[in-house]
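Student: Got a sequence here, can you build the structure:
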Amino acid sequence: MPVMQDRRRFLATLSSTAAAGLLHVPNVLGQEAPLETTRIRLYDWSSVCIAPQFVAEELLRSEGFTDVQYVRDEPSGSLPNPLLASGGIDINSQFSAPSILRVEAGDPVVFLGGLHIGCFELFGTEQIRALRDLKGKRVAIPALGSSSHVFLASMAAHVGLDPIRDIDFVTYPAAQSMQLLADGKIDALLNFPPIPQELRAKKIGHVIVNSSVDRPWSQYFCCMIAGNREFVRKHPVATKRAMRALLKAVDACVTAPERAARIAADRGFPYDYSLQAIREVPYVKWRNYEPEDTVRFYALRLREAGMIKSSPNKIIADGTDWRFWNELKRELKA
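Tutor: Okay, here's the model as predicted:
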């Protein structure tokens, strides 16, 4: 009962914060046209670093959305891109690089703004001391094409490795990968919270790269906000309000990490690992970065990895829309 009461207080605080936050921009909702739709669908992620997407639920309701849905496409596993492209979800937050692949492939998805910096960590055995040591080694990822796979391919290309020829990617569920690393049956794994927190707690492997603090990865957004192109075109007011809720939820993770972790725990994540992850991810920095820099950086890395042929300028021209981001940065000044 105390946990549920604490969560209710947090959600009430979020609603109050949403209303209070608008005082910095007088009559914002009054100046905006009515919502074109009161339904908003987001992806039901299995990663704690996307905590703002869960924390945003009540903020979305305060923005006027009466039907807030979190959708999971079980046949496609952990990959949300097919749902976003098909219109099965409207707005989503995820690591930027897989969406760059889909923009080049012609999927109707568009980058809208940044969410947070860093969350991925690469763990290895004692024999792996740097990225270049992965040459010829077995590295576990959840799935080919997953965020972990694309991020590690980008990292490998950046240090001169060919991720296709030089790394033996093997796919395992997270729990199995952790045990394989502990047993020395794989050489490294890359994953996102709460997996790194659990690995450190159990003293399995050691950190090779932490994208929250290690350059150049820490200099760019990790997860960004993207939308279905048709949804954004038809529902610009809903798009802006959804983004506003997500960005306010990022701030809520900074100011009330314990309560954000409770929301994650209500979704089945371990509370202690969730709290640690929410405190470690540098959510507070989102105002200091420009999303276009991130798209350009990762598009270059993916070209180096042989995963796309398009130039960064073409990806930016075909797959970005910064209108709402620019407006919201002005509205949500600290």
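Student: Reduced to three states, what does residue 227 come out as?
Tutor: strand (DSSP: H, G, I helix; E, B strand; the rest coil).
Student: Next, count neighbours for it.
Tutor: Counted with other CB atoms under 10 Å, the neighbours of residue 227 add up to 26. Every C-beta, even on glycine, is put in place using the N, C-alpha and C of the backbone.
Student: now swap in residue 327 and tell me
Tutor: 15.
Student: so which strand or helix has it?
Tutor: Counting by DSSP states H and E, the element that carries residue 327 is helix 323-331.
Student: What of residue 113?
Tutor: Short version, using DSSP H and E: residue 113 is in strand 109-117.
Student: Give the full set of residues in contact with the residue lying closest to residue 132 once chain neighbours are set aside.
Tutor: In space, and not counting its chain neighbours, residue 132 is closest to residue 159: 5.5 Å by CB to CB, 6 or more residues apart in numbering. For residue 159, the contact set (CB atoms under 8 Å, 6 or more residues apart in numbering) comprises 130, 131, 132.
Student: which of those lies closest to residue 287?
Tutor: residue 131 (29.8 Å; CB to CB).
Student: List the contacts of that closest one.
Tutor: Residue 131 touches 122, 155, 156, 158, 159, 161, 208, 209, counting by CB under 8 Å, 6+ apart.
Student: Just these: which are in strands?
Tutor: Judged by DSSP state E, the subset of the contacts of residue 131 located in strands is 122, 208, 209.
Student: nearest to residue 333, of the contacts of residue 159?
Tutor: Nearest member of the contacts of residue 159 to residue 333, counting by CB to CB, is residue 131, at 37.6 Å.
Student: Now rank the ones in strands among the contacts of residue 131 by neighbours and give me the top one.
Tutor: residue 122 (25 neighbours).
Student: May I have the residues that are in contact with that one?
Tutor: So residue 122 contacts 131, 152, 155, 188, 189, 190, 207, 208, 209, 210 (CB under 8 Å, 6+ apart).
Student: which residues does residue 148 contact?
Tutor: Going by CB under 8 Å, 6+ apart, residue 148 touches 120, 141, 142, 190, 191, 192.
Student: which ones among those are found in strands?
Tutor: Among those, DSSP E puts 141, 190, 191 in strands.
Student: For those residues, which single residue is the most surrounded?
Tutor: Neighbour max across the ones in strands among the contacts of residue 148 (other CB under 10 Å) = residue 190, 28 neighbours.
Student: So which residues of the stretch 151-300 of the chain form strands?
Tutor: 168-171, 188-191, 206-210, 221-228 (DSSP state E, counting those that start in this stretch).
Student: Check which helices and strands the second one sits against.
Tutor: Just to be clear, that refers to strand 188-191. strand 121-124, strand 138-141, helix 147-158, helix 174-182 (3 or more CB pairs under 8 Å, 6 or more residues apart in numbering; DSSP states H and E).
Student: centre of the chain versus the longest one, how much separation?
Tutor: So that's helix 147-158. 15 Å (CA atoms, centre = their mean, to the nearest Å).
Student: Tabulate the CA atom coordinates of it in CSV.
Tutor: Provided in CSV are the C-alpha atoms of helix 147-158 (Å, rounded to 0.1, in the frame of the first residue of the first chain):
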residue,chain,number,x,y,z
SER,A,147,20.1,-1.1,-30.9
SER,A,148,22.9,-3.0,-29.2
HIS,A,149,24.1,-4.4,-32.6
VAL,A,150,23.9,-1.1,-34.5
PHE,A,151,25.6,0.8,-31.7
LEU,A,152,28.5,-1.6,-31.4
ALA,A,153,28.9,-1.7,-35.2
SER,A,154,29.2,2.1,-35.1
MET,A,155,31.8,1.9,-32.3
ALA,A,156,33.8,-0.7,-34.1
ALA,A,157,33.9,1.2,-37.3
HIS,A,158,35.0,4.3,-35.5
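Student: when you compare where that helix runs with where strand 206-210 runs, what's the angle?
Tutor: 80 degrees (axes from the mean of the first three to the mean of the last three CA atoms, to 10 degrees).
Student: before we move on, back to that, dump the contacts of residue 131 into CSV; add distance to residue 280 and pLDDT as well.
Tutor: Listed next are these as CSV, based on distance: CB to CB, whole Å; pLDDT from 0 to 100:
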residue, distance to residue 280, pLDDT
122, 15, 90
155, 19, 86
156, 24, 89
158, 23, 87
159, 24, 88
161, 27, 89
208, 17, 90
209, 14, 89
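Student: ok, residues contacting the helix or strand containing residue 41?
Tutor: According to DSSP H and E, residue 41 maps onto strand 39-43. The contact list for strand 39-43, computed with CB under 8 Å, 6+ apart, reads 53, 56, 60, 65-72, 80, 83-84, 88-94, 238, 242.
Student: Restricted to helices, list these.
Tutor: Among those, the ones falling in helices (DSSP state H) are 53, 56, 60, 83, 84, 238, 242.
Student: from those residues, which is closest to residue 301?
Tutor: Looking across the ones in helices among the contacts of strand 39-43 and measuring by CB to CB, the closest to residue 301 is residue 84, at 21.6 Å.
Student: Any figure for the gap between that closest one and residue 304?
Tutor: 25 Å (CB to CB, to the nearest Å).
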